[in-house]
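1. missing the sequence, but the structure's below:
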């Protein structure tokens, strides 16, 4: 008998809100989290804006202050967000079978803040440099270890890195493992804290970032004709997923059900957007649904002149004429691009759309692009009653992932 996988807990840290209520209210109201960078001096950088997370206090989630000082910011986010998701799921970690539990963390750039700081210290002190913690705190897998330490559990773990698709892939890995019977419950998500001088300089050199420094909140404008690049941000998203019977036995609140997942790599010289088209096809086929049964799409759409166009073409190739009838939205218009965390935050936006019957808008959509001519839910939320949502992610290196969720029905 097919094992069904449901979502029972949510944790959110985003530039426009910490916690699911604040995050959802900001999405619904079209509130941007993009601002002038305050964490370092941007005088010599061409890009001076990003989606920084304000008002995050790690001491609200981690008691040991010494540990906090040794942790990279992405690890702090991961711990806080995982704790939120566990609490939201009302998951008692002392009573569940930890042998049937999995924790998965998706990362893209992980601890750039630690490496940049310590490299500068090394250049300054050279043979007098001594920090025994920085290598351990900077490895990609340390985030999931910190989550286990703070939750006080020993269970199976996994860290994956597929660029901006890492977060959605972490959900996909957990979903597949529960579906095939290896585990009954998983805490899955992604955490990114990549707003650093070196990374900003590198992305600026690549000329893929918006230069709207004087109007930060209007800088990220997916599908708009005047879009001039993405906006870097930070944040984290975690969810608790469970086998349906496991969730029902403990009388958990079920947000929705995961019914399909697809991933596909693409070679560098492949037709742009082909990998994302294939991941969507794979995801929809696994679900057993027809394309016309998809009610709305949470697009990858990072406000890039090319990527937004190629995703539009991929959607048209799959949905045909129905592509013009299906609402498409991009929350990156409000949160920027937090790399791997983006896919999970998109997923959470889709979950909460089910809860309230509202699709969040794509803000800053002012000038229609004839090459991007779908229904992008412009500027204001739309009252809707969606039953299904398709989420897309694309990552540097040719990673593409899609996830399909639906309202939970007891049948």
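-> Perfect, thanks for sending it. For clarity, every value in this text was computed on a predicted model and none was experimentally measured. Numbers count the residues shown, from 1 in each chain.
2. pLDDT below threshold where in the chain?
-> Across the chain, the ranges flagged by pLDDT under 70 are 1, 268-271.
3. got the residue ranges for the helices in it?
-> Ranges of helices within the chain are 20-29, 65-70, 73-88, 112-125, 134-138, 142-151, 166-179, 197-205, 244-249, 274-287, 307-319, 332-335, 341-356, based on DSSP state H.
4. Of all these, which one is nearest residue 402?
-> Of all those, it is helix 274-287 that lies closest to residue 402, at 4.0 Å by Cβ to Cβ. Where you see a C-beta, it was placed from the backbone N, CA and C, and this is true even at glycine.
5. coming back round to it: okay, the helices of the chain in CSV with mean neighbour count next?
-> Below are the helices of the chain laid out as CSV (neighbours: other Cβ atoms under 10 Å):
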stretch, mean neighbour count
helix 20-29, 19
helix 65-70, 13
helix 73-88, 26
helix 112-125, 16
helix 134-138, 17
helix 142-151, 22
helix 166-179, 27
helix 197-205, 16
helix 244-249, 17
helix 274-287, 22
helix 307-319, 21
helix 332-335, 30
helix 341-356, 26
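6. so which of those comes closest to residue 394?
-> Using Cβ to Cβ, these put helix 274-287 closest to residue 394, at 5.4 Å.
7. which helices and strands sit right next to the closest one?
-> Packed against helix 274-287 by the contact rule (3 or more Cβ pairs under 8 Å, 6 or more residues apart in numbering; DSSP states H and E) you find strand 256-265, helix 307-319, strand 388-395, strand 399-406.
8. and the third one, which strands flank it?
-> In other words, strand 388-395. Strand 388-395 has its sheet partners listed here by DSSP bridges as strand 296-298 (parallel), strand 399-406 (antiparallel).
9. Would you mind putting those into a markdown table with distance to residue 279 alongside?
-> Below are those laid out as a markdown table (distance: least, Cβ to Cβ, whole Å):
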| stretch | distance to residue 279 |
| --- | --- |
| strand 296-298 | 13 |
| strand 399-406 | 4 |
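10. Looking at those, which is nearest to residue 266?
-> Residue 266 lies closest to strand 399-406 among these, at 6.5 Å (Cβ to Cβ).
11. Specify the angle between that closest one and helix 307-319 in degrees.
-> In terms of direction (axes from the mean of the first three to the mean of the last three Cα atoms, to 10 degrees), strand 399-406 departs from helix 307-319 by 50 degrees.
12. angle of strand 399-406 against strand 256-265?
-> Interaxial angle, strand 399-406 versus strand 256-265 (the same axes, to 10 degrees): 160 degrees.
13. what about residue 188, neighbour count?
-> As a burial measure, residue 188 scores 32 neighbours (other Cβ atoms under 10 Å).
14. contacting residues around it?
-> Contact analysis of residue 188 by Cβ atoms under 8 Å, 6 or more residues apart in numbering lists 102-106, 170-171, 173-174, 238-239, 241, 344.
15. now, the most widely separated pair of those?
-> Taking Cβ to Cβ as the measure, those span a maximum distance of 15.6 Å, between 102 and 344.
16. Do me a favour and get the end-to-end distance for stretch 149-157?
-> 12 Å (Cα to Cα, to the nearest Å).
17. same deal with stretch 370-388?
-> First-to-last distance for stretch 370-388 - Cα to Cα - comes to 28 Å.
18. That stretch: how far from the chain's middle?
-> 20 Å (Cα atoms, centre = their mean, to the nearest Å).
19. Please spell out which residues along it are buried.
-> In terms of neighbour count (16 or more other Cβ atoms under 10 Å), stretch 370-388 has its buried residues at 372, 374-378, 381-382, 386, 388.
20. can I get those in TSV with distance to residue 155?
-> Output for the buried residues of stretch 370-388, formatted as TSV (distance: Cβ to Cβ, whole Å):
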residue	distance to residue 155
372	44
374	42
375	43
376	41
377	39
378	44
381	38
382	40
386	34
388	31
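21. residues in contact with the closest residue to residue 176 other than its chain neighbours?
-> Of all residues not flanking residue 176 in the chain, residue 261 sits nearest, at 6.7 Å (Cβ to Cβ, 6 or more residues apart in numbering). Going by Cβ under 8 Å, 6+ apart, residue 261 touches 171-172, 175-176, 283, 286, 401-404.
22. Could you tell me how far residue 261 is located from residue 320?
-> Distance of residue 261 to residue 320, computed by Cβ to Cβ, to the nearest Å: 23 Å.
23. thinking again about what came up before, for the helices and strands packed on helix 274-287, could you give me a markdown table that also reports distance to residue 195?
-> Formatted as a markdown table, the helices and strands packed on helix 274-287 follow (distance: least, Cβ to Cβ, whole Å):
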| stretch | distance to residue 195 |
| --- | --- |
| strand 256-265 | 27 |
| helix 307-319 | 20 |
| strand 388-395 | 18 |
| strand 399-406 | 22 |
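24. thinking again about what came up before, can you say which of the helices of the chain is nearest to residue 233?
-> Across these, closest to residue 233 is helix 332-335 (Cβ to Cβ), at 5.7 Å.
25. Would you mind stating the distance between residue 241 and residue 411?
-> Distance, residue 241 to residue 411, by Cβ to Cβ: 19 Å.
26. between the two, who's got more neighbours?
-> Comparing residue 241 with residue 411 by other Cβ under 10 Å, the one with more neighbours is residue 241, at 28 against 3.
27. who's in contact with the more buried one?
-> Residue 241 sits next to 5-8, 171, 174-175, 178, 185-186, 188, 258 when contact means Cβ under 8 Å, 6+ apart.
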